[in-house]
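# have a look at this prediction, sequence included:
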Amino acid sequence: MATPLATRPATVRDGGGRTRGRRIAGLAVLVGLLAVMSALSIVFGAHPVPLDAVWHALTGPTGTEDDIIVRSLRGPRTVIGILAGVALGVGGALMQGHTRNPIADPGLLGVNQGAAFAIVLAVVVFGIQGIHGLIWFGFAGALLAAVVVFLLGAVGGRGSTPVTLALAGAAVSALLYGLISAIVLGDRQGMETYRFWHVGSIAGRDFAVAGQIAPFLVVGVLLALANTPGLNALSLGDDVATALGRDIRRTRVVGVLAITLLVGAAVSACGPIAFVGLIVPHVARAITGPDYRWLVPFAGLIGAILVLAADVLGRVLTGDSLEVGIMLAIVGAPMFIALVRRKGLTRL
């Protein structure tokens with residue numbers, strides 16, 4: 001009997017090592033797929049650019065048409081797509097984890113409607129038109145809406161809970177949607193700006209936009225990664241998490257802050273791109289299991305791949321006339337139905 005008992009821990013460690021190795025290999029595969037999709041995003045479009053021309057544009061541009069397309073149009077579009085995909089994928093994973101709701105997406109905190117309301121105000125009241133100015137209003141509106149939702153969810157002195165956060169988010173979103181409708185119905189310019197922004201697009205942005213949102217996304221990703229051990233504990237229940245020594249309130253505050261920074265920055269720059277934050281966490285969970293230390297980075301990479309894939313598909317099928325938000329809605333709806341029909345998605 002001594003031999004099996006002595007070898008049992010080694011077997012467990014070997015199994016854990018194999019699982020860790022598979023997850024690391026999975027991350028490497030996703031990084032490779034992201035590199036491939038990035039290349040396709042630069043090459044394909046209404047005017048295909050050969051790979052040698054792409055290399056020339058990146059290393060030694062001389063002002064040719066291909067150089068301008070790569071450096072001024074598709075390069076920024078690809079970078080924005082990666083940033084938005086990572087932000088929405090990670091934000092969706094955190095949102096579903098903190099609310100314990102398998103159909104939650106980052107907009108549940110009122111972030112989308114908060115950004116939309118601020119952008120409409122910027123256009124109608126302050127007359128701001130450029131995307132570079134609207135981003136700051138959108139981000140401020142998203143941040144303010146999330147703070148209000150969190151405070152409302154904590155009313156009563158017992159702190160926020162998954163249910164109170166969801167209810168407060170739904171109430172604030174409904175209120176802001178009503179205010180947006182009242183404003184844009186009386187202002188044509190506000191209506192046009194809101195309609196274009198609300199579609200969800202990564203086109204028409206430049207590297208300056210990426211530079212504006214990148215610092216918030218970096219901080220948001222770091223906070224999300226720091227939040228994963230606490231989120232693993234919360235998935236066992238608040239009482240168990242407390243018994244394990246986790247500060248539930250601090251964990252939720254860090255999680256909500258990470259979601260707000262990630263989704264607020266992405267939404268303010270690109271509009272509310274649908275289905276990424278809803279579908280991607282389920283795909284990542286099917287690969288990694290429930291461990292958020294792995295689920296979060298997987299969700300970020302899968303989100304970036306999905307956004308770029310939808311953008312490239314839309315360009316190839318329609319000649320660059322279909323925005324990524326519309327394409328993701330077309331592709332995402334059947335994917336979501338398929339996920340709902342699978343067993344095991346009703347609980348987190």
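All right, it came through fine.

# which residues in the stretch 201-348 of the chain form helices?
For the stretch 201-348 of the chain, the helices defined by DSSP state H, counting those that start in this stretch cover 207-234, 238-243, 248-270, 276-288, 292-318, 324-341.

# just the buried residues of the second one, please?
When you say that, I think you mean helix 238-243. 238, 241 (16 or more other CB atoms under 10 Å). To be clear about C-beta, it is placed using only N, CA and C from the backbone, and glycine gets the same treatment.

# repeat for the fifth one
Neighbour-count burial for helix 292-318, with 16+ other CB under 10 Å as criterion, is recorded at 292, 294-315.

# give me the pLDDT for residue 114.
Residue 114 is assigned 90 on the pLDDT scale.

# residues in contact with the nearest residue to it once chain neighbours are set aside?
Excluding its sequence neighbours, the residue lying closest to residue 114 (CB to CB, 6 or more residues apart in numbering) is residue 145, at 2.5 Å. Residues in contact with residue 145 (CB atoms under 8 Å, 6 or more residues apart in numbering) are 109, 110, 111, 113, 114, 115, 117, 172, 176.

# quick one on the thing from earlier: and of the helices of the stretch 201-348 of the chain, who's closest to residue 75?
helix 207-234 (7.3 Å; CB to CB).

# measure residue 223 to residue 83 for me?
16 Å (CB to CB, to the nearest Å).

# quick one, which of these two is more surrounded?
A direct count of neighbours by other CB atoms under 10 Å for residue 223 and residue 83 places residue 83 higher, at 26 against 20.

# can you pull the contacts of that one?
Counting by CB under 8 Å, 6+ apart, residue 83 touches 210, 213, 214, 217, 265, 266, 269, 304.

# what about burial for the residues you listed, which qualify?
Buried by 16+ other CB under 10 Å: 210, 213, 217, 265, 266, 269, 304, out of those.

# now render those residues as JSON lines, adding distance to residue 128.
Formatted as JSON lines, the buried ones among the contacts of residue 83 follow (distance: CB to CB, whole Å):
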{"residue": "210", "distance to residue 128": "20"}
{"residue": "213", "distance to residue 128": "17"}
{"residue": "217", "distance to residue 128": "23"}
{"residue": "265", "distance to residue 128": "18"}
{"residue": "266", "distance to residue 128": "20"}
{"residue": "269", "distance to residue 128": "15"}
{"residue": "304", "distance to residue 128": "29"}
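
# just give the closest residue to residue 333, not the sequence neighbours.
residue 275 (7.4 Å).

# okay, buried residues for the particular helix or strand that has the residue nearest to residue 114 in it please.
Element membership of residue 145 [criterion: DSSP states H and E] is helix 131-153. Within helix 131-153, the residues scored as buried using 16+ other CB under 10 Å are 131, 134-135, 137-150, 152-153.

# hey, where'd the helices end up in the stretch 1-150 of the chain?
For the stretch 1-150 of the chain, the helices defined by DSSP H, counting those that start in this stretch occupy 2-43, 51-59, 65-68, 75-99, 111-124, 131-153.

# relative to helix 111-124, how tilted is the fourth one?
Meaning helix 75-99. If you take axes from the mean of the first three to the mean of the last three CA atoms, to 10 degrees, helix 75-99 sits at 130 degrees to helix 111-124.
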